[in-house]
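> sharing a model prediction with you, sequence too.
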Amino acid sequence: MSVGCNHMLELTGLAGDPASAIHRLDPRAKLMGLIGVTVVAVSAPFSAWPVWIVCACVLAAVAGTARIRPRVVWRRARVILPLVIFAAVFLPFVRPGGETIEIGPFTMTTAGLETFAGVSAKATIGVVGAVLLGATTTFPSVLRGLEALRVPRLFVLIAAFAYRYLFVVVDEVQRMRAALASRAYRPRNLRHAGALGRVATALFLRTYARGERVYLAMLSRGYAGSMPQLEPLSFARADAVFLALVVGTLVPARVLIGAAV
Amino acid sequence: MSCAVHAKGLTYLYPNGERALDRLELHIKHGERVAILGPNGAGKTTFVFHLNGLLTGNGDLEVAGLDVCKENIRELRSRVGIVFQDPDDQLFMPTVREDVAFGPLNLGLERDEALARVAEALETVRMGHVAERAPHQLSMGERRRVAIATVLAMRPSLLVLDEPSANLDPRSRRELIDLLAEIERTMLVVTHDLPFAAELCERAVILSAGCVVADGSCDDILADDDLLAAHDLELPAGFVPSRVQRRSRPGDASAMARLYPPLTTKGAA
């Protein structure tokens, strides 16, 4: 039980030097920076590929300032990156256009390869950006930043509760797995999947019941439809400087490189 | 402020028609510590949920000087603090500090005042050092204490604890008793843990099938083996209730008034 939680905690939460300039930034500045990097990277076509290098340099500079080691970024990014890259790996074989390259029974196209490279680069930049945000900002601050950036409150609340109860649900799943295993449950074929369905049902019902109890606990402490805010955010000069640096590097790079090709 | 509880003929039916509370009569005086005992399904939690209007049944219920009705709900919830059985239900905010501040902010307090309440409540349960942590990073005993702090921060006049010693190891249980013994409030403790009740409460009430079947001093009730057995309650082997040293109360009434000045809330009638 604790092993699973510790593993998860290792992949979330702060990393690097908690006192670094990046860690201390207002979450809104970091969120807007992340959006900036992602939009610039995604908007660049393959021919403007140097834009991606500029994006990567900006991310590297952020990671360096925050003293986050490449290993940490790699360990966190590899959780999500393979899924994204897997979706793109078939592109060279299915997308028509450009020259064709025969590899045994398969045919690749250069247009497909370019798309694959583009999607991979954009995905990597987005994921690494998100990893850096997660490593320099606590989840509660990200939520406060999102709320301050006018993301609908309901979404922010859902994210907050999902984060809070993820750990509780993971514990419950692990207890159920232990219960299954201790009664010699070893699924070998599809017929054995039924038990998993029932576990899922039980988990849903328990989670639903917990949701009801949490709501009662909220009502008991005076909840009347809106979540109170404790920590006000302050957008300081350092935040403006950070944003100006990020945007001031990326936007001219995107415009100039886009115009040159 | 009086924080007595007067229930007269309180009846509550579950949606399926089953009687959870059946003409329940219970009167609790200001400042009493009462253990509510009873088997599973006796209606203990249902009764607790009536105290701050989470559930409303038929009959008369007056809590802390207020009739339990829609108009008084807001004020009732500031006067009645319920500590839920599972701290994971009670601690729903991302950090301990925000969680403890949730109640005071809902009462309409300003940020500084709310933070002062947070510091005071966490200090009372000796958990000041975990304010920045997330609830899932705490042990069960720590979560329980923080859950109590979330309620104390609202400065309720009536403190209700639902199975406070459930899932605690002996040491956390002992620390919880020490902590509760120092809190001067009218206190209702719903529990199966009879030694726990014996140490804290001078009065005990047994609830069974939705009504009060026994009401008396904790010593008398716990000494009556037949009564306990009839309601699926049991003392641990070798436990002698008369040998239990009940915890003394912290200081006199004036000290209590200094510690917990009368509750004031903005926007309350």
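Ah, there it is.

> next to chain B, which bits of the stretch 51-200 of chain A? Give me the list.
Counting by C-beta under 8 Å from any C-beta of the partner chain, the residues of the stretch 51-200 of chain A lying close to chain B are A:138-140, A:143, A:160-161, A:163-165, A:167-168. Where you see a C-beta, it was placed from the backbone N, CA and C, and this is true even at glycine.

> in helices, which of those residues fall?
Members of these lying in helices (criterion: DSSP state H): A:139-140, A:143, A:160-161, A:163-165, A:167-168.

> would you list every one of the helices in chain B?
B:44-51, B:73-79, B:87-90, B:96-106, B:111-124, B:140-152, B:170-181, B:194-200, B:218-223, B:225-230, B:253-259.

> can you add mean pLDDT and give these back as CSV?
As requested, the helices of chain B are arranged in CSV below (pLDDT from 0 to 100):
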stretch, mean pLDDT
helix B:44-51, 94
helix B:73-79, 91
helix B:87-90, 92
helix B:96-106, 94
helix B:111-124, 94
helix B:140-152, 94
helix B:170-181, 91
helix B:194-200, 93
helix B:218-223, 92
helix B:225-230, 93
helix B:253-259, 45
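
> pLDDT weak spots in the stretch 1-150 of chain A?
A:1-11 (pLDDT under 70).

> show me which residues of the stretch 1-150 of chain B sit near chain A.
Close to chain A, as judged by C-beta under 8 Å from any C-beta, the stretch 1-150 of chain B has residues B:49, B:52, B:54, B:74, B:77-78, B:80-82, B:84, B:86, B:88-95, B:97-98, B:101-103, B:105-107, B:111, B:114-115, B:134-137, B:150.

> sorry, back to before: point out the most buried one among the helices of chain B.
The highest mean neighbour count among the helices of chain B, using mean count of other C-beta atoms under 10 Å in any protein chain shown, belongs to helix B:96-106: a mean of 26.

> what sits against the nearest residue to A:Ala160 once chain neighbours are set aside?
Closest residue in space to A:Ala160, ignoring its immediate chain neighbours: A:Leu143 at 5.3 Å, by C-beta to C-beta, 6 or more residues apart in numbering or on different chains. Contacts for A:Leu143 (C-beta atoms under 8 Å, 6 or more residues apart in numbering or on different chains) come out as A:156, A:159-160, A:163, B:94.

> cool, and A:Phe242?
A:Phe242 neighbours (C-beta under 8 Å, 6+ apart): A:21-22, A:25, A:29-30, A:33.

> now, of the residues you listed, which are buried?
Among the contacts of A:Phe242, those that count as buried by neighbour count (16 or more other C-beta atoms under 10 Å in any protein chain shown) are A:22, A:25, A:29-30, A:33.

> Three-state assignment for A:Phe235, please.
Secondary structure for A:Phe235, judged by DSSP: H, G, I helix; E, B strand; the rest coil, is coil.

> should've said A:Pro228
coil.

> and it, its phi and psi?
When read as degrees, to the nearest 10, the backbone of A:Pro228 gives phi -70, psi 150.

> how about the secondary structure of the nearest residue to A:Asp239 once chain neighbours are set aside?
The spatially closest residue to A:Asp239, leaving aside those adjacent along the chain, is A:Ala29, at 3.8 Å (C-beta to C-beta, 6+ apart). Three-state call for A:Ala29 (three-state DSSP): helix.

> contact partners for A:Ala29?
Per C-beta under 8 Å, 6+ apart, neighbours of A:Ala29: A:235, A:239-240, A:242-243.

> filter those to the buried ones?
Neighbour counting over the contacts of A:Ala29 (16+ other C-beta under 10 Å) leaves A:239, A:242-243 as the buried ones.

> so who does the nearest residue to B:Val130 once chain neighbours are set aside touch?
For B:Val130, ignoring the flanking residues on the chain, the nearest one in space by C-beta to C-beta, 6+ apart is B:Val96 at 5.3 Å. Taking C-beta under 8 Å, 6+ apart, we find B:Val96 in contact with B:122, B:127, B:130-135, B:138, B:146.

> ok, so of those residues, who is nearest A:Glu147?
The nearest member of the contacts of B:Val96 to A:Glu147, counting by C-beta to C-beta, is B:Ala134 at 18.0 Å.

> quick one, strands of chain A?
Assigned by DSSP state E, chain A shows strands spanning A:100-103, A:106-109.

> where does the stretch 151-269 of chain B get nearest to chain A, which residue?
As assessed by C-beta to the nearest C-beta, chain A sits closest to B:Met154 within the stretch 151-269 of chain B, at 6.5 Å.

> surely B:Ser165 and B:Asp193 touch.
Yes - contact criterion C-beta atoms under 8 Å: B:Ser165 and B:Asp193 qualify, at 4.5 Å.

> can you pull the residues that touch both of the two?
Joint contacts of B:Ser165 and B:Asp193 (C-beta under 8 Å, 6+ apart) are B:Arg173.

> which residue is the nearest non-sequential neighbour of residue 168?
Using chain A here. B:Asp88 (5.2 Å).

> my bad, chain B
Nearest to B:Leu168 is B:Gly141, by C-beta to C-beta, 6+ apart, at 5.6 Å.

> wait, what's in contact with the one you found?
B:168-169, B:171-173, B:175-176 are the contacts of B:Gly141 under C-beta under 8 Å, 6+ apart.

> within range of chain A, give me the residues from the stretch 151-269 of chain B.
Counting by C-beta under 8 Å from any C-beta, the stretch 151-269 of chain B sits next to chain A at B:151, B:154.

> the nearest residue to B:Ala42 once chain neighbours are set aside: neighbouring residues, count only.
Spatially, and ignoring its direct neighbours in sequence, B:Ala42 is nearest to B:Leu207 (4.5 Å; C-beta to C-beta, 6+ apart). Residues lying near B:Leu207 (other C-beta atoms under 10 Å in any protein chain shown) number 24.
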